[in-house]
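Student: coordinates for the following, if possible.
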Amino acid sequence: MPRPNLKDRRSSEILDACLSCVARYGLDGATLERIAREAGVKRPLLRHYLGNRDEMMRRLAAYVVAELDAATQATGMILAEAERPRDVAEWLLSESGRVGEDRRLTLAWQALAEASDRAPEMRQPLIDAQNAFLDTLYTALARLAPGAGVGEVSAVAQGLASLRAARHGMQPLDPRGRWEADLRQAAIMLAARLERNG
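Tutor: Alright, predicted model coming up:
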């Protein structure tokens, strides 16, 4: 297998630095100066590797969507082994549900979503990525609770996805303990509703 060339490697490193900065500072706070400093390059080199700021943000959005799509596919394979709705909730908010997870992706998705009114071309891919995740949850839950109504399964899938996103949003505060336990318990209670009605 050929080694990646310098431009590909540097482009990847700068994109990763961009992801870190957007996750940490938001889209507006991810200045070219911060991205260059995070990547360990001089600011003029950013344009050489990833183009201007708008092009860089479009590439970041495409990267975030591709990574979230891959994570959604992996989640679907894991949830195919679940035996009851509670298993879905427990896994989504457990330590094992974090394996290989890059919290920066969720934070960058949120920042890009907030900016989608200024960059409407990013809006639909972000919506599609979220819908794919919701569809994955819905498919798992509908299989596990065949007697539950479509609306109820959809609401539980949305609730579980929202609780998982809330956990990501709280991570900078290091919410070990009560907050994290309460989020997990809320997810289990929500899933248990399908077990009663499904």
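Student: and Ser162, which of the three is it?
Tutor: Here Ser162 is recorded as helix under DSSP: H, G, I helix; E, B strand; the rest coil.
Student: that one: neighbour count?
Tutor: Using other Cβ atoms under 10 Å, Ser162 has 13 neighbouring residues. Where C-beta positions appear, they are placed from N, C-alpha and C, glycine not excepted.
Student: past the lengthiest helix in the chain, which element shows up next along the chain?
Tutor: For the chain, the longest helix by residue count, based on DSSP state H, is helix 53-79. Beyond helix 53-79 on the C-terminal side, the first helix or strand identified by DSSP states H and E is helix 85-92.
Student: what about the very next helix or strand once past that following helix, average pLDDT?
Tutor: Once the chain leaves helix 85-92, the next helix or strand it forms, by DSSP H and E, is helix 103-114. Averaged over helix 103-114, pLDDT sits at 87.
Student: kindly report the same for stretch 160-173.
Tutor: For stretch 160-173, mean pLDDT is 80.
Student: likewise for stretch 183-198?
Tutor: The model assigns stretch 183-198 a mean pLDDT of 86.
Student: so which bits of that stretch are buried?
Tutor: The neighbour-count check on stretch 183-198 (16 or more other Cβ atoms under 10 Å) flags Leu183, Arg184, Ala186, Ala187, Ile188, Leu190, Ala191, Arg193, Leu194, Gly198 as buried.
Student: and the contacts of it?
Tutor: 84-86, 88-90, 92-94, 141, 144-149, 152-153, 156, 159-160, 163-164, 166-167, 170 (Cβ atoms under 8 Å, 6 or more residues apart in numbering).
Student: which of those are buried, as a ChimeraX select command?
Tutor: Provided next is the ChimeraX selection string for whichever of the contacts of stretch 183-198 are buried by 16+ other Cβ under 10 Å:
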select :84,85,86,88,89,90,92,93,141,144,145,148,152,153,156,159,160,163,164,167
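Student: burial of the closest residue to Glu114 other than its chain neighbours, as a residue count?
Tutor: Leaving aside its sequence neighbours, Glu114 sits nearest to Leu27 (Cβ to Cβ, 6 or more residues apart in numbering; 7.0 Å). By other Cβ under 10 Å, 20 other residues sit near Leu27.
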